[in-house]
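1. when you get a sec, could you give me coordinates for this:
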Amino acid sequence: MSSSSSSSSSPSPQPRRPGRPTIYSPLEKKRRRKSLERKRAQSRICIREQIGRWMSLRETLNVFSHAEVAKFLLDLYDNYENRDVCKESEVKIQEADGNSTLNAEKDVPETSLIAGTERLLCENLEDESTDSSGEECTIDNEYDLSKSFSSVKHLKNVSIAEDILGITDECDDGSQGDFIETFEETTHDMTLDDTQDISHEKIHIVYERSLLQLAKKIVIPKCMYCAGEVDISVQPVSSCVHLIWKCSAGHIAFEWSSQPLVKGQTHAGDLALSAAIILSGNNFGKISQMANFMKLTFISASTFFRMQRHFIVPTIESFWCRMKQHILEELHGKEVVLMGDGCMDGPGHSAQYCVYSFMDLETKQILAIEIVDKRKTQLNSPFMEKEAFRRGLQKLLDEQLMVKEVVTDSHTQISALITKKFPCIIHSYDIWGGAKNLGNKLIEASRQKDCRRLLQWCSDIVNYFWFCCKEANSYEKFIIHI
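-> As a prediction, the model looks like this:
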């Protein structure tokens, strides 16, 4: 009975085998994309025309992200909401010995109106207490921010350090005042402007233990909100590390970042890492694995590709266009001999892309780079090199470059293309390809029974072929040298 039930039950799913990633159908990709968009939409807030005020507040607070601006506003709102504040500007309270009117704007001490931190507290008010007109005193726990901000003219000027950190200048000693100046200077230095260049600065690897040992040497005053002890926490963000001095109640006294911000939103180290990976010819997977073995905080794949897409590739493309234009201006009016060759990303018919490069024979400078996708040649990989050659040469001719001769490998399709489309250009073959083919044919011939002595002469014959090609300027002289 048990065997029949076990045989009828559905088999357990097979574990995923290593190999190529799962290929989803277009319908499944669409469904997954919509699911991801729904998740992202849940964290989006539309503020429409208030975006200008939001960005201005972010620059004023000098914070790292939009989430920190939202946290600051929510904390400020909770700070007001937790206090019992009257909605009306005037509160009339009937005292036991007579009717006396207390004006919230005149009779309340001035210190209770500073920065909204101290408000008039309506306590121990009985429900039957009334004013001279017989109206009851209304007390509402819900605080109206609009009415509070309407009396901003009564508030004194408050610095960012006072507003965010709750640190005032009323200190017994100069320790907190010095801390405010240090905070403002450090916060200012954390953001780079267009005139600052950090490309020549050295970057160091620091262990977390050593960093905390240095951070504990900094004496931070107690929290000005709750007078609690301040502890240091470490929060890594990509390749950057943030040190946060925070009390047990969650109030942040100070925050330090190991990397400056580029234009207020991008860590300089993340951008430098992404650029170094691309410019050095490496790939993200290997460098990320190396960092993983070192336990080194590193950027994620999404951050790397975002940096590549928005910063690195546009910068490289802009620099390449300027450099190419400068080279073409120098070669304007001169006869140029071009050397061209293509490179595939895979062998045989499985190649997807072809990169074809043109170089000037005299200056050894790259003049053009053309990339062709297999989909542009009707999914036929052998045609990609011919198409890339045609596009690159046509662009150079459109730039009014005087191309006298083109040197390529012995590609039959390119030879036919030059004869048909560019008859005024001389087509020559690369000597390296000819010498390689000559050496292969000599080795093949030496395998015959009566020609085995030819094997020891192969290298000398190939070297002499190189010499004849170097000395001869035409086919007739080449035959004479041979």
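2. where is the longest helix in this structure?
-> Looking across the chain with DSSP state H, the single longest helix is helix 313-330.
3. I'd like the next helix or strand past that one.
-> strand 335-344 (DSSP states H and E).
4. tell me which residues in that next one are buried?
-> For strand 335-344, burial by neighbour count (16 or more other Cβ atoms under 10 Å) applies to 336, 338-342, 344. Bear in mind the C-beta positions are built from the backbone N, C-alpha and C, glycine included.
5. Lys404 - that's part of a strand, no?
-> Yes. The assignment for Lys404 by DSSP: H, G, I helix; E, B strand; the rest coil puts it in a strand.
6. which neighbouring elements make contact with the helix or strand hosting Leu273?
-> Assigned by DSSP H and E, Leu273 falls within helix 268-279. Under the contact criterion of 3 or more Cβ pairs under 8 Å, 6 or more residues apart in numbering; DSSP states H and E, helix 268-279 touches strand 261-262, helix 284-294, helix 301-307.
7. need these in TSV with mean neighbour count and mean pLDDT, can you?
-> Formatted as TSV, the helices and strands packed on helix 268-279 follow (neighbours: other Cβ atoms under 10 Å; pLDDT from 0 to 100):
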stretch	mean neighbour count	mean pLDDT
strand 261-262	18	84
helix 284-294	12	93
helix 301-307	16	91
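8. of those, which is nearest Ser274?
-> Closest of the helices and strands packed on helix 268-279 to Ser274 is helix 301-307, at 3.8 Å (criterion: Cβ to Cβ).
9. give me the distance from that closest one to the chain's centre.
-> Here helix 301-307 is found 5 Å from its chain centre; the criterion is Cα atoms, centre = their mean, to the nearest Å.
10. not counting the helix or strand harbouring Asn440 itself, show me its contacts.
-> For Asn440, the host element (DSSP H and E) is helix 431-446. Contacts to helix 431-446, defined as Cβ atoms under 8 Å, 6 or more residues apart in numbering, come from residues 409-410, 451-455, 457-459, 461-462, 465-466, 469.
11. from the residues you listed, which would you call buried?
-> 458, 462, 465.
12. run a quick neighbour tally on Lys30.
-> Number of residues near Lys30 (other Cβ atoms under 10 Å) recorded here: 11.
13. and what about it, helix, strand or coil?
-> Classification of Lys30 using three-state DSSP returns helix.
14. against Ala41, how distant is it?
-> From Lys30 across to Ala41, the span is 16 Å (Cβ to Cβ, to the nearest Å).
15. and for Lys71?
-> In terms of Cβ to Cβ, Lys71 sits 21 Å off from Ala41.
16. look up phi and psi at the nearest residue to Asp231 once chain neighbours are set aside.
-> Using Cβ to Cβ, 6 or more residues apart in numbering and skipping the chain neighbours, the partner closest in space to Asp231 is Lys246 (6.3 Å). Phi and psi for Lys246, reported as degrees, to the nearest 10, are phi -140, psi 150.
17. what does the one 10 residues further on give?
-> Dihedral pair for Trp256: phi -130, psi 140, per degrees, to the nearest 10.
18. who does it bridge with?
-> For Trp256, the beta-bridge partners are Leu243 (DSSP bridges).
19. show me what contacts Thr297?
-> By Cβ under 8 Å, 6+ apart, the neighbours of Thr297 are 236, 238-241, 291.
20. so which of those is the most crowded?
-> Counting neighbours by other Cβ under 10 Å, Ser239 leads those with 23 neighbours.
21. who touches that one in this structure?
-> 259, 267, 269-270, 273, 297-299.
22. over to Lys216?
-> Contact analysis of Lys216 by Cβ under 8 Å, 6+ apart lists Ile232.
23. do you know how far it is from Trp245?
-> Taken as Cβ to Cβ, the span from Lys216 to Trp245 is 10 Å.
24. what do the two both touch?
-> Taking Cβ under 8 Å, 6+ apart as the contact rule, Lys216 and Trp245 both touch Ile232.
25. circling back to that earlier point, among Lys71 and Ala41, which residue is more densely surrounded?
-> Remark: of Lys71 and Ala41, Lys71 carries more neighbours, 13 against 8, as counted by other Cβ under 10 Å.
26. that one is in what secondary structure piece?
-> Using DSSP H and E, Lys71 maps to helix 66-81.
27. which strands or helices does that helix pack on?
-> With contacts defined as 3+ Cβ pairs under 8 Å, 6+ apart, the packing partners of helix 66-81 are helix 51-61, helix 145-150.
28. picking that back up, quick check: angle from the helix holding Leu273 to helix 313-330?
-> Going by axes from the mean of the first three to the mean of the last three Cα atoms, to 10 degrees, helix 268-279 is angled at 50 degrees with respect to helix 313-330.
29. C-terminal to the helix holding Asn440, what's the next element?
-> Next element after helix 431-446 (DSSP H and E): helix 458-471.
30. next structured bit after that following helix?
-> Of the helices and strands lying after helix 458-471 in sequence (DSSP H and E), the nearest is helix 475-481.
31. show me what that following helix packs onto, helices and strands only.
-> helix 458-471.
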